[in-house]
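> just coords:
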Ligand code: SF4
């Protein structure tokens, strides 16, 4: 896709008297030369793949390093015991995010959104929303378009790569995508969608990429929870009428600037942060 700003996306949607997700769909149809039905089916198939990935989670499985696995089951059991204080919906999101992150660490099939490391953010939010609010297939598809459109703007304007922009570019972008998606599911206006994304990304600005042993496991798996929950609270803020003082496009620019200035030690090189803690070094030597 070729969206370089949310402002441009809103303008194009206004010119064609359609919603943001519709203009994103039109762009997809044009770019891939596909009909509306094909575009929508393909988009929805991503949600089906997310559902499959969630279903195929195996709590007994461990990653090769032994760093990941089993925590999704712990959350699931804690929910069943009624000992979580986060509430049913947020707890479900937490469970889904951890499970997806662990599945990725165990090399299972996941949906990168925007990256494999951040695969649990959008998926957990959508899967929990589906379980609690039962949206239609079309509504889920609209939300996916919105997420894709936001991811497109961020990748064209800044980056979605931890190696280029730190974890803010991965988990931060995923969180903004999920916030926009949920805002669509909640009938948010284009302005509210932008505020949702802006809040989500703002909250994670400066987040460094410091994976232990260079593996997408620690802190990656749990950061998916942070990104997912952040997306939900960000959307709630926007739907409640709270406005981001800094427009979404400018927040994305700030992320790009921070990513540029971020030392290489914090951009997927595992030369700083958690990777260089005593524990991090211990796992490095075990590789
Ligand atoms: S810490 Fe790095 S590798 Fe892990 S999720 Fe964040 S950006 Fe991806």
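Yes, it's here. Since the structure is predicted, the reported quantities are computational estimates derived from the model, not experimental observations. Residues are numbered from 1 along each chain as shown.
> So residue 284 versus residue 72, what's the distance?
Residue 284 sits 25 Å away from residue 72, going by C-beta to C-beta, to the nearest Å. In this view, the C-beta of every residue, glycine as well, is placed from N, C-alpha and C.
> of the two, who's got more company?
Just comparing residue 284 and residue 72: by other C-beta atoms under 10 Å the higher neighbour count belongs to residue 72, 26 against 15.
> Next, the contact list for the more buried one, please.
With contacts taken as C-beta atoms under 8 Å, 6 or more residues apart in numbering, residue 72 has the following neighbours: 57, 59, 95, 98-99, 102.
> which stretches of the stretch 51-200 of the chain have low pLDDT?
When the per-residue scores of the stretch 51-200 of the chain are filtered using pLDDT under 70, no range remains.
> Residues of the chain that sit close to the ligand?
Among all residues of the chain, those adjacent to the ligand (criterion: C-beta under 6 Å from any ligand atom) are 117-118, 162, 167, 170-171, 209-211, 216, 219-220, 223, 268.
> how about these, which pair is most distant?
Taking every pair in those and measuring C-beta to C-beta, the maximum separation is 14.8 Å, between 118 and 210.
> between the two, which one's more packed in?
Taking residue 118 and residue 210 together and counting by other C-beta under 10 Å, residue 118 has the greater number of neighbours (33 against 25).
> check which helix or strand covers the closest residue to that one other than its chain neighbours.
With sequence-adjacent residues excluded and distances taken as C-beta to C-beta, 6 or more residues apart in numbering, residue 118 is closest to residue 174, at 3.7 Å. Taking DSSP states H and E as the criterion, the element that holds residue 174 is helix 173-185.
> one step back: how deep is the residue nearest to residue 118 tucked in, by neighbour count?
For residue 174, the count of nearby residues is 37 (other C-beta under 10 Å).
> from the residues of the chain next to the ligand, which is closest to residue 234?
Closest approach between the residues of the chain next to the ligand and residue 234, by C-beta to C-beta: residue 171, at 13.1 Å.
> how about the nearest residue to the residue in the stretch 51-200 of the chain positioned nearest to the ligand, chain neighbours excluded?
With distances taken as C-beta to the nearest ligand atom, the stretch 51-200 of the chain approaches the ligand most closely at residue 162, which sits 2.6 Å away. In space, not counting the residues next to it along the chain, residue 162 is nearest to residue 209; the distance is 3.6 Å by C-beta to C-beta, 6+ apart.
> these two touch, right, that neighbour and residue 164?
No: taking contacts as C-beta atoms under 8 Å, residue 209 lies outside contact range of residue 164: 9.4 Å.
> neighbour-wise, which of the two wins?
Just comparing residue 209 and residue 164: by other C-beta under 10 Å the higher neighbour count belongs to residue 209, 32 against 17.
> Next, give phi and psi for that one.
Dihedral angles of residue 209 (phi, psi; degrees, to the nearest 10) stand at phi -100, psi 110.
> how far away is it from residue 201?
Counting by C-beta to C-beta, the gap between residue 209 and residue 201 amounts to 16 Å.
> what about residue 131, distance to residue 97?
The value you get for residue 131 to residue 97, if C-beta to C-beta is used, is 14 Å.
> Looking at these two now, which is surrounded by more residues?
residue 97 (33 against 14).
> Helix or strand: which one has the more buried one?
Taking DSSP H and E as the definition, residue 97 sits inside helix 88-105.
> how far does the helix or strand hosting residue 78 sit from the chain's center?
Residue 78 is part of helix 71-81 when elements are defined by DSSP H and E. A distance of 22 Å separates the C-alpha centroid of helix 71-81 from that of its chain, computed with C-alpha atoms, centre = their mean, to the nearest Å.
> now the angle from it to helix 88-105?
Going by axes from the mean of the first three to the mean of the last three C-alpha atoms, to 10 degrees, helix 71-81 is angled at 160 degrees with respect to helix 88-105.
> list the buried ones in helix 71-81?
Buried positions in helix 71-81, judged by neighbour count with 16 or more other C-beta atoms under 10 Å: 71-73, 75-76, 79.
> With stretch 17-36 instead?
By neighbour count, with 16+ other C-beta under 10 Å as the criterion, the buried positions of stretch 17-36 are 19-21, 23-29.
> closest to the ligand among those residues?
Sorting the buried residues of stretch 17-36 by distance to the ligand puts residue 24 at the head of the list, at 24.6 Å, by C-beta to the nearest ligand atom.
> re the thing from before, and the helix holding residue 174, what does it pack against?
Identification of packing neighbours for helix 173-185 by 3 or more C-beta pairs under 8 Å, 6 or more residues apart in numbering; DSSP states H and E yields helix 119-133, helix 137-157, helix 190-203, helix 220-239.
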